[in-house]
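>>> here is a sequence together with a model predicted from it:
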Amino acid sequence: PMTPLNNDPMTVIPTLKTTATDYGQQKVISLESGTKITLNANSTITYRSGWVYDDEVRLKLDGEAYFDVAKRSSEFDPVFRVETTDGDISVLGTRFMVSTRDQKTEVVLEEGQVAIDIKSVTKFDEILLEPSQRVEFGGSVASADIERVDTELYTSWRNGFFVFDNTPLSKV
């Protein structure tokens, strides 16, 4: 459903919807395109009803989610974007994790490629991540350094278990 702006029937804005999880809860959201979003515990996504608006699927994430985005069948298919307080992640078909915990944004890419437009780092126009790369930005993080990682350390939660490798107890 659409809502008229200022009671003007010619100006219509989409209705926003929210999906949230409680502590210890996960939700899997399946879109018609084949895209699956696994929302981790204590997380929220906000999106426009119907998902597609202005040739894009855009959602705002607060918390942590794993995205398995279906590949676009043509250049005319909607672009998929994840918006965080610290920046926007644009994808064309890929699998990745985004976390906005601890007042920063972290992106870990398993497959495909994502473009990240960081709001607070001026030395980059856009960062492109490749598979098995991780970047953290925003909050007290002054730069956006890309590192190679074992993605399972960051994404295993979606399968119901956690993988640790020399992780300090304070982080666990």
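Structure's in. What do you need?
>>> who are the contact partners of Trp157?
Asn40, Glu64 (CB atoms under 8 Å, 6 or more residues apart in numbering). In this view, the C-beta of every residue, glycine as well, is placed from N, C-alpha and C.
>>> my hunch is that it is in a strand, does that hold up?
No: according to DSSP: H, G, I helix; E, B strand; the rest coil, Trp157 belongs to no strand; its state is helix.
>>> so how far is Val107 from it?
15 Å (CB to CB, to the nearest Å).
>>> shaky segments in the protein?
For the chain, applying pLDDT under 70 flags the ranges 1-14, 52-54, 92, 120-125, 140-142, 161-164, 166-167, 171-172.
>>> and the helices in it?
152-155 (DSSP state H).
>>> verify the contact between Tyr154 and Val135 for me.
No: Tyr154 lies out of contact with Val135 (CB atoms under 8 Å); the separation is 11.6 Å.
>>> shared neighbours of those two, anything?
Glu106.
>>> the closest residue to Gly138 other than its chain neighbours: neighbouring residues, count only.
Distance criterion CB to CB, 6 or more residues apart in numbering; nearest residue to Gly138, sequence neighbours excluded, is Asp86 at 2.6 Å. The number of residues packed near Asp86 is 22, by other CB atoms under 10 Å.
>>> ditto for Arg148
Neighbour count for Arg148, taken as other CB under 10 Å: 10.
>>> picking that back up, quick check: the gap between the residue nearest to Gly138 and Ile45.
16 Å.
>>> show me the contacts for the closest residue to Thr151 other than its chain neighbours.
Leaving aside its chain neighbours, Thr151 sits nearest to Glu110 (4.7 Å; criterion: CB to CB, 6+ apart). Residues in contact with Glu110 (CB under 8 Å, 6+ apart) are Thr94, Arg95, Phe96, Met97, Pro131, Ser132, Thr151, Thr155.
>>> thought the first one was touching Val107?
No: with contact defined as CB under 8 Å, Thr94 and Val107 do not form a contacting pair (10.8 Å).
>>> who touches both of these two?
In contact with both Thr94 and Val107: Val114, using CB under 8 Å, 6+ apart.
>>> contacting residues for the closest residue to Asp77 other than its chain neighbours?
In space, and not counting its chain neighbours, Asp77 is closest to Ser33: 7.6 Å by CB to CB, 6+ apart. Contact analysis of Ser33 by CB under 8 Å, 6+ apart lists Val57, Ala70, Asp77, Pro78.
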